[in-house]
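> Got a predicted model here, sequence first, then my questions.
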Amino acid sequence: MLLGAVADDFTGASDLANTLARGGMQTIQFVGTPSGTAPGDCEAGVVALKTRSIAVADAVRQSLEAASWLLDQGCRQLVFKYCSTFDSTREGNIGPVAEALLDLTGAEVAVVCPAFPRTGRRLFMGHLFVGDRLLNESGMEKHPLTPMTDADIRRWLGYQVKGKVGHVPLGLVHEGGAALAQAFAAEAAAGRRLVVADAVEDGDLMILGKAIAGHRLVTGGSGIALGLPANFRAESLLADRAAELPVAQGAGVVLCGSCSIASQQQVAAYLDGGEGLRIGPADLLSGHMTAQVAAGWVRERQQAGVAPIVYSTADPASVAGAQQAHGKAETAGAIEHFFGDVARLLADAGTHRIVVGGGETSGAVVEALAVSDLRIGAEIDPGVPALVTDRGGPLGLALKSGNFGSRDFFAKALRQVGTA
Ligand SMILES: Nc1ncnc2c1ncn2[C@@H]1O[C@H](COP(=O)(O)OP(=O)(O)OP(=O)(O)O)[C@@H](O)[C@H]1O
Ligand SMILES: O=C(O)[C@@H](O)C(=O)CO
């Protein structure tokens, strides 16, 4: 293994794995920290954790465990992948995990760059934009678990860390080469080991990627990994072999627990001509709806040749109402548990294509399926690859981050993760 990555959620892990695979690295996404050793052909290993919204101490402990395993596999560089919208609270978890990984790797400095221009996330003067809006006016300020109320990533990260936060502005990024390397060194020398770097286009990320070739630790969204495979290729370390993946075949289902603006539109688009089962937190908590009932309904639809959608997607007012009535953690827990159980029951009964919407939801589903590693297939939309794993035969998956994907994503993804 040349490059190891710790991702703080499951869709984020497949987003990064997609970038590394497209860059020509043999990439495997691991579900949690494996106990054995990585397969011999694994050039990039991405450990998917579900640490974005848990207690800080737990997130740090799990991230250190994953990073130690990756370092034991021989990786030369470690990437800490978080969300391109920097999903976190004032307490963490990005800052504390990044500082713990600095200590673990002994890195003097690490870049902090959530930019992902292909999905509209750009960083300029330390401020994060989503499309043409500042992060805190993009809808992310209403996120159910990590409302992002400040677009200044330097300030937000500053709340989370013990040390000081540095910044490399876009002009310096454009200079590249020795000037950029020197800028990172100067920040480190001034005691600012975590350095926010501006990037507004893929070209900026390629320059940054080259400049940080020798950094032990890299942190960011998947964009920061764009230029990393080329560094290994330049040292003739990549096999550059096309991966041959098995094809999943069988019934399909879409499970969406994401309430993002994009997911709301994608669910509506899928229901226009498709069939769906809407579930709500109150029905789950009262026992009026169960995973068994939902899976039975899906099986009936599948037997009629339909791949239906089960969704809890709701507008921000309904989400806030449910959280107030039942508690935030209880609501999320009930919904995630439900989707995990539905996925497991369906996969046990022969569903071979599962498309999931939402990072937390994807984590719950993949954990419930108890699969250990995922191979990376073709890109469905920016940041979302088709995945295939073995669960008594090939199982095709797509794990869509809340705000990713075109309006027709769900139908397209079902077609790309396997055949009916
Ligand atoms: N109707 C609902 N009411 C309240 N909470 C909900 C409802 N539907 C889903 N949720 C919860 O909201 C959270 C959505 O998070 P999830 O990560 O799956 O989607 P997302 O935040 O849009 O995606 P991402 O993390 O990839 O950006 C989950 O914890 C889910 O259980
Ligand atoms: O970076 C992103 O936006 C995604 O990979 C993600 O982390 C979504 O949860």
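Good, I have the coordinates. Ligands and ions are numbered 1, 2, ... in the order given.

> Check which element follows the longest helix anywhere in the chain along the chain.
Determined from DSSP state H, the single longest helix within the chain is helix 328-348. Per DSSP states H and E, the first helix or strand lying C-terminal to helix 328-348 is strand 351-357.

> before we move on, back to that, so which bits of the longest helix of the chain are buried?
For helix 328-348, a neighbour-count test (16 or more other CB atoms under 10 Å) marks 331-336, 338-347 as buried. Quick note: C-beta positions are derived from backbone N, CA and C, even for glycine.

> Which positions in this structure make contact with ligand 2?
Counting by CB under 6 Å from any ligand atom, the chain comes close to ligand 2 at 9, 11-12, 15, 83-85, 116, 221-222, 359, 383, 401.

> Those, buried ones only, as a ChimeraX selection?
With 16+ other CB under 10 Å as the criterion, this ChimeraX line picks the buried residues out of the residues of the chain next to ligand 2:
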select :9,11,12,15,83,84,85,116,221,222,359,383,401
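
> Output the residues of the chain next to ligand 2 as CSV; include the columns pLDDT.
Compiled in CSV, these are given as follows (pLDDT from 0 to 100):
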residue, pLDDT
Asp9, 92
Thr11, 93
Gly12, 95
Asp15, 96
Cys83, 96
Ser84, 97
Thr85, 96
Phe116, 97
Gly221, 98
Ser222, 98
Gly359, 90
Gly383, 94
Ser401, 92
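
> quick one: which of the residues of the chain next to ligand 2 is nearest Leu145?
Gly359 (9.5 Å; CB to CB).

> Tell me which residues touch the closest one, please.
Applying CB atoms under 8 Å, 6 or more residues apart in numbering to Gly359 gives the contacts 9-12, 52, 83, 258, 399, 401-402.

> Gln292 now?
With contacts defined as CB under 8 Å, 6+ apart, the neighbours of Gln292 are Leu345.

> rewinding a little: of the buried residues of helix 328-348, closest to Phe129?
Closest to Phe129, out of all of those and judged by CB to CB, is Ala332, at 27.7 Å.

> Could you pull up the contacting residues of that closest one?
144-145, 360 are the contacts of Ala332 under CB under 8 Å, 6+ apart.

> Could you check how far it is from Val365?
14 Å (CB to CB, to the nearest Å).

> cool, and Gln62?
Taking CB to CB, one finds Gln62 at 19 Å from Val365.

> next one: Leu414
Applying CB to CB to Leu414 and Val365 gives a distance of 15 Å.

> any chance of the contacts of Gly359 in JSON lines, plus secondary structure and distance to Leu71?
Output for these, formatted as JSON lines (DSSP: H, G, I helix; E, B strand; the rest coil; distance: CB to CB, whole Å):
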{"residue": "Asp9", "secondary structure": "coil", "distance to Leu71": "21"}
{"residue": "Phe10", "secondary structure": "helix", "distance to Leu71": "22"}
{"residue": "Thr11", "secondary structure": "helix", "distance to Leu71": "25"}
{"residue": "Gly12", "secondary structure": "helix", "distance to Leu71": "20"}
{"residue": "Arg52", "secondary structure": "coil", "distance to Leu71": "22"}
{"residue": "Cys83", "secondary structure": "coil", "distance to Leu71": "24"}
{"residue": "Ser258", "secondary structure": "coil", "distance to Leu71": "33"}
{"residue": "Leu399", "secondary structure": "strand", "distance to Leu71": "26"}
{"residue": "Ser401", "secondary structure": "coil", "distance to Leu71": "27"}
{"residue": "Gly402", "secondary structure": "coil", "distance to Leu71": "31"}
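
> so what's the residue of the stretch 151-300 of the chain found nearest ligand 2 up against?
Closest to ligand 2 within the stretch 151-300 of the chain is Gly221: 4.2 Å, counting by CB to the nearest ligand atom. With contacts defined as CB under 8 Å, 6+ apart, Gly221 is in contact with 12, 15, 81-84, 113-116, 121.

> burial measure for Ala181, as a count.
16 (other CB atoms under 10 Å).

> try the one 10 residues further on
Neighbouring residues of Gly191 were enumerated by other CB under 10 Å; the total is 9.
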